[in-house]
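**Q** Coordinates only, no sequence provided:
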């Protein structure tokens with residue numbers, strides 16, 4: 001596991017107003033002492049994770065150039081790795097990602113928008129991922145590479 005700090009200037013996670021990220025959820029209020037740092041509303045976590053997994057399954061249908069700009073489709077084994085990660089995160093009580101998407105370079109990204117930070121996990125192989133955390137208003141991002149067993 002390695003940690004890297006990178007400049008976060010221009011990071012887009014906090015350049016949007018809260019209404020564009022909430023997708024119908026109530027705006028998040030300032031955190032009270034001891035409150036959760038996750039912005040997710042009181043959704044049923046099983047339902048939210050099942051929606052993430054359904055989206056990952058739809059990514060299996062992507063073909064190269066799925067965006068009309070030459071994007072690579074995620075390999076099915078990468079999708080399997082992302083599904084395995086999603087199930088592990090769910091089992092550990094992690095709130096479901098606010099968004100999961102295929103990237104143009106053939107990887108899969110999970111994103112969380114919280115009141116205090118933007119979090120991203122990019123699945124780069126069936127057993128490797130990068131965690132990125134950008135605190136709100138920060139000039140640097142923390143990046144941690146991790147891997148699991150196949």
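**A** Now that the structure is in, tell me what you want to look at. Computed from a predicted model, the values in this text were never measured in an experiment.
**Q** Surely residue 55 is within a strand?
**A** No. According to DSSP: H, G, I helix; E, B strand; the rest coil, residue 55 belongs to no strand; its state is helix.
**Q** can you give me the helices for this protein?
**A** Ranges of helices in the chain, per DSSP state H, are 18-22, 45-59, 76-91.
**Q** shaky segments in this protein?
**A** Within the chain, the segments meeting pLDDT under 70 span 1-46, 149-150.
**Q** quick one: the strands in the chain?
**A** Remark: strands assigned in the chain by DSSP state E are 2-7, 99-102, 108-113, 117-125, 128-135, 140-147.
**Q** what packs against the last one?
**A** Applying 3 or more CB pairs under 8 Å, 6 or more residues apart in numbering; DSSP states H and E, one finds that strand 140-147 contacts strand 2-7, strand 128-135. For glycine as for every other residue, the C-beta is placed from the backbone atoms N, C-alpha and C.
**Q** again, but for the longest one
**A** Contacts of strand 117-125 with other secondary structure elements, assessed using 3+ CB pairs under 8 Å, 6+ apart, are made with helix 76-91, strand 108-113, strand 128-135.
**Q** Comparing these, which comes out most buried?
**A** Of the helices and strands packed on strand 117-125, the one with the most neighbours on average (mean count of other CB atoms under 10 Å) is strand 108-113, at a mean of 22.
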